[in-house]
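Engineer: Provided below are the primary sequence and the corresponding predicted coordinates.
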Amino acid sequence: MTSPITTGPVPGAAGLGRPAGGDPRARIGFLHPGSFYHLACLRDPALMSLDLVDLYAPELTSQALAQVDSLFVACRQHPAVMARNAPLVLEFLSRPGARVVIGGENRVSSWLPGAQEEPRPTNFWAWRTGEDPTRRPAGQGDPLWDYLDRSAVDWHHHGALTVPPGATALVTLEEGIEPPKAIIYRDPASFPAEVVVMTMDPTYHHGCGFMPGATQLLYRLLGWLGR
């Protein structure tokens, strides 16, 4: 059995910090359907300091996406709205050098080419009870690990992802399946842009004010998008 998730300090990525040389002018679009937890994220003073571009999902246009350099697709989009916006997100993924993060509970199997997601039971409190949730680190040479930390990825998940060719699993599930399924992967190969896909839903938990690991994951991924 492999060891539980352990990582060392995250150089240059404490909180919302960006590595030296990062572009502080990168414009991050925050795509959301306007639920209370999404609005709470936008009103978080720490996130306000990033000058996120508020992209209200029911009114999303190509022109709005043209104003941003990277895109955070917040978790738990309304399925009908997500279906409408999927072509626009795919259009954004056709931009070389762009970066996209897709939060959990967004039915990626139905609209993101190459994405395959399977449901898994959710253990909300393993991080408190000490139960082994079978999450394991992977791909720790990947540059996204410069931003991640155990506290950011070891709380819970809502599904398992098949890792596409050319993508790197960042956290896998130890289930006796080979190759193992992932709960987070970074894919620099399937599109001209690079995309991080996950089955974790940090905007929901951060906006609801519980599960501190969710806050860490949200802050750190926005740091990656903003460099």
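Structural biologist: Received it, and whenever you're ready, just let me know what you need.

Engineer: can you pull out the helices in the chain?
Structural biologist: 36-42, 45-48, 62-65, 79-93, 126-129, 150-153, 202-208, 212-225 (DSSP state H).

Engineer: so where's this protein shaky on pLDDT?
Structural biologist: Where the chain drops to pLDDT under 70, the residues are 1-25, 127, 206-207.

Engineer: can you give me the strands for it?
Structural biologist: 28-32, 53-56, 70-73, 99-102, 116-119, 135-137, 159-162, 168-173, 182-187, 194-198 (DSSP state E).

Engineer: what's the closest of the helices of the chain to residue 192?
Structural biologist: helix 79-93 (7.0 Å; Cβ to Cβ). In short, each C-beta sits where N, CA and C put it, glycine included.

Engineer: chain center to that closest one, what's the gap?
Structural biologist: 16 Å (Cα atoms, centre = their mean, to the nearest Å).

Engineer: equivalent analysis for stretch 209-216, please.
Structural biologist: From the chain centre to the centre of stretch 209-216 is a distance of 14 Å (Cα atoms, centre = their mean).

Engineer: please work out which residues outside that stretch touch it.
Structural biologist: Outside stretch 209-216, the residues within contact range by Cβ atoms under 8 Å, 6 or more residues apart in numbering are 40, 124, 127, 149, 151-156, 200-202, 204-206.

Engineer: from residue 61, how far out is the spatially closest residue to residue 111 that is not a sequence neighbour?
Structural biologist: Of all residues not flanking residue 111 in the chain, residue 86 sits nearest, at 3.8 Å (Cβ to Cβ, 6 or more residues apart in numbering). When distance is defined by Cβ to Cβ, to the nearest Å, residue 86 is 14 Å away from residue 61.

Engineer: ok, those two, which is more surrounded?
Structural biologist: Counted by other Cβ atoms under 10 Å, residue 86 and residue 61 do not tie: residue 86 has more neighbours, with 18 against 10.

Engineer: please name the residues that touch the closest residue to residue 56 other than its chain neighbours.
Structural biologist: The shortest distance from residue 56 to any non-neighbouring residue, by Cβ to Cβ, 6+ apart, is to residue 34 (6.0 Å). Residue 34 makes contact with 56, 57, 58 under the criterion Cβ under 8 Å, 6+ apart.

Engineer: buried stuff in stretch 98-107?
Structural biologist: Neighbour-count burial for stretch 98-107, counted by 16 or more other Cβ atoms under 10 Å, picks out 98, 99, 100, 101, 102, 103, 104, 105, 106.

Engineer: can you tell me what sits against it?
Structural biologist: Contact with stretch 98-107 is made by 69-77, 79, 82, 89, 92-93, 108, 112, 117, 157-159, 192-204, 221, 224-225, as judged by Cβ under 8 Å, 6+ apart.

Engineer: please repeat the previous calculation with a cut-off of 7 Å.
Structural biologist: 69-77, 79, 82, 92-93, 108, 158, 193-203, 221, 225 (Cβ atoms under 7 Å, 6 or more residues apart in numbering).
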